[in-house]
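>>> Following is a predicted model, sequence given first.
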Amino acid sequence: MIRAHTVEQVREAEATLLAQLPEGALMQRAAYGLAHAVLDLLGGGYGRRVLLLVGSGDNGGDALYAGAVLARRGAYVEAWLLSDRAHAAGVAALRRAGGRVGPPQPSRSWDVVLDGIVGIGGRPPLRDDAAAALEAVAGVPVVAVDIPSGVDVDTGELAGPHVSAAVTVTFGTHKIAHLVDPAAAECGVVHLVDIGLDLPEPALEALQPADVAALLPVPGGQAQKYARGVVGVRAGSAAYPGAALLSVAGAASGLAGMVRFVGDPTVQDRVRAAFPEVVGDGRVQAWVVGSGSDDSAEDALRAAVDDDVPLVVDADALAFADLASGRPAVLTPHAGELAAMLGADRAAVEARPLHHVREAADRYAATVLLKGRHTLVAERDRPVRATTSGTPWLATAGAGDVLGGLVGALLAAGLAPYDAASVGSWLHGAAATFASRGGPIVAGDVARALPVVTAALHP
Ligand SMILES: NC(=O)C1=CN([C@@H]2O[C@H](COP(=O)(O)OP(=O)(O)OC[C@H]3O[C@@H](n4cnc5c(N)ncnc54)[C@H](O)[C@@H]3O)[C@@H](O)[C@H]2O)[C@@H](O)CC1
Ligand SMILES: [K+]
């Protein structure tokens, strides 16, 4: 599991550790980890040209001490101090190691910039001098120290100018901004340096393959189809038959024992032709409702709610999500749908996805899965889960229908809504990444890749 903590949680853990260690020990751990990540990125130190952007806090201190390590490895290192209150011992260490301190020489070109402007003590927006320094080094790859300066650490929101990093080297634990967009998209590759912090339950987490494998419902030796779970799909309409086919394709991933389909008769014929294993109405352990349901969305959701089993509420059914409020249910909006549910602007949801997904989980007393580059799954009193297994090629028509079906299959197989949503989202992203191999895909490719990805979790 990747765990992310709030600034307050990190500060508390650091305070405990600082009290037990000699002065400066934590910063040395951080600076060595940082320097080694930079050496990895540059393929060595000798002859490389490194510019440090140094703010007034300990984040700048990390950059200065790392700069000293790099200078001792033969790099040419300059520190551009953005404040006259820069970390004094760090400045002295850099000087002793042969680094230069002062405004950068204009003619120099840099191999890398270390962003030590602000870390977890920063409050966006960046001050003007810091923003101007960023402009002056535009185009040079940046290694962000702890966090790309200018992003909001605890929310993942952006406010004005900010660093866009190639690599972010963070310390002790991930921060929320490393996993939540739009900030996460500015972090580049995130590298975690262990500094020995002892941390509480995280604010946010991201499932890793081993976590998904541990949660996945796997049939035992005595398995039979009903016990493995029956998932029902109420989706599609004469106008949108494809949504039903893709919803069923996700549900028929093999993770539940049986799939039922209920819908428009013409759509039903097409579903049966494409998926001979799918049967008609009957008892189910979970319903998936809404993709392409068009005018029938409300009736379909009411019928599903009457069965009193866990639900996936998707697409057209989200307009009636109140019906699922307080039930075991996963609501699966994209930003536009969530905006409509909350009476907000789509742009506001995209700028503050974490805030809005939490608000919806609270308002609907349900599990809410907000689709995006890093999908977020929120449920009251649980860490939000972010999905990082996808690919930008997954932004394709019908991919959401497959996800809804898949989450339904996992609900039917017995996972709680929170786990079904986050495991389903992870598998969906991983299947897309596997199917894509860096190239374009369509929604059906994602559904077809699900069994392979599932199998790979159990070598
Ligand atoms: N506390 C610890 O034990 C450790 C901290 N470490 C480093 O220390 C950092 C935190 O250090 P600090 O608490 O000193 O805080 P920071 O260095 O993150 O930033 C605080 C400083 O930035 C200035 N600042 C705040 N907002 C700004 C803005 N919008 N524009 C420009 N300047 C702004 C403030 O005046 C303040 O002096 C971590 O992110 C990490 O890099 C690491 O060395 C590991 C150990
Ligand atoms: K930084």
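That came through, no problem. Ligands and ions are numbered 1, 2, ... in the order given.
>>> For A443, see how far away A249 is.
As judged by Cβ to Cβ, to the nearest Å, A249 and A443 stand 8 Å apart. To be clear about C-beta, it is placed using only N, CA and C from the backbone, and glycine gets the same treatment.
>>> Mutual contacts of those two, please.
Here A249 and A443 have 401-402 as joint contacts, going by Cβ atoms under 8 Å, 6 or more residues apart in numbering.
>>> Can you point out the buried residues in stretch 379-397?
For stretch 379-397, burial by neighbour count (16 or more other Cβ atoms under 10 Å) applies to 379, 383-391, 393-394, 396.
>>> which among those gets closest to V38?
Taking Cβ to Cβ as the measure, V38 lies nearest T388 of those, at 23.4 Å.
>>> quick one: contacts for the closest one?
Residues in contact with T388 (Cβ under 8 Å, 6+ apart) are 2, 179, 206, 374, 429.
>>> right, and the secondary structure at it would be what?
The three-state assignment at T388 reads coil, by DSSP: H, G, I helix; E, B strand; the rest coil.
>>> Quick one, grab the pLDDT at the closest residue to M258 other than its chain neighbours.
Nearest non-adjacent residue to M258, counting by Cβ to Cβ, 6 or more residues apart in numbering: V230, 4.4 Å away. Looking at V230, its pLDDT is 97.
>>> returning to that earlier point: make CSV out of the buried residues of stretch 379-397 and add pLDDT and distance to G99.
Putting these into CSV (pLDDT from 0 to 100; distance: Cβ to Cβ, whole Å) gives the following:
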residue, pLDDT, distance to G99
E379, 98, 49
P383, 98, 41
V384, 98, 41
R385, 98, 42
A386, 98, 37
T387, 98, 41
T388, 97, 36
S389, 97, 40
G390, 96, 41
T391, 96, 40
W393, 95, 43
L394, 95, 44
T396, 93, 49
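>>> Please identify the one among those residues that lies nearest to ligand 1.
A386 (20.6 Å; Cβ to the nearest ligand atom).
>>> and the residue nearest to that closest one when sequence neighbours are not counted, how far is that from V163?
In this structure, A386 finds its nearest non-sequential neighbour in L179, 4.2 Å apart by Cβ to Cβ, 6+ apart. Distance from L179 to V163, counting by Cβ to Cβ: 17 Å.
>>> which residue packs closest to whichever residue of the stretch 151-300 of the chain sits closest to ligand 1, ignoring adjacent ones?
Nearest to ligand 1 in the stretch 151-300 of the chain, going by Cβ to the nearest ligand atom, is F171, at a distance of 4.7 Å. In this structure, F171 finds its nearest non-sequential neighbour in A30, 4.5 Å apart by Cβ to Cβ, 6+ apart.
>>> before we move on, what about H428?
Nearest to H428 is L403, by Cβ to Cβ, 6+ apart, at 4.8 Å.
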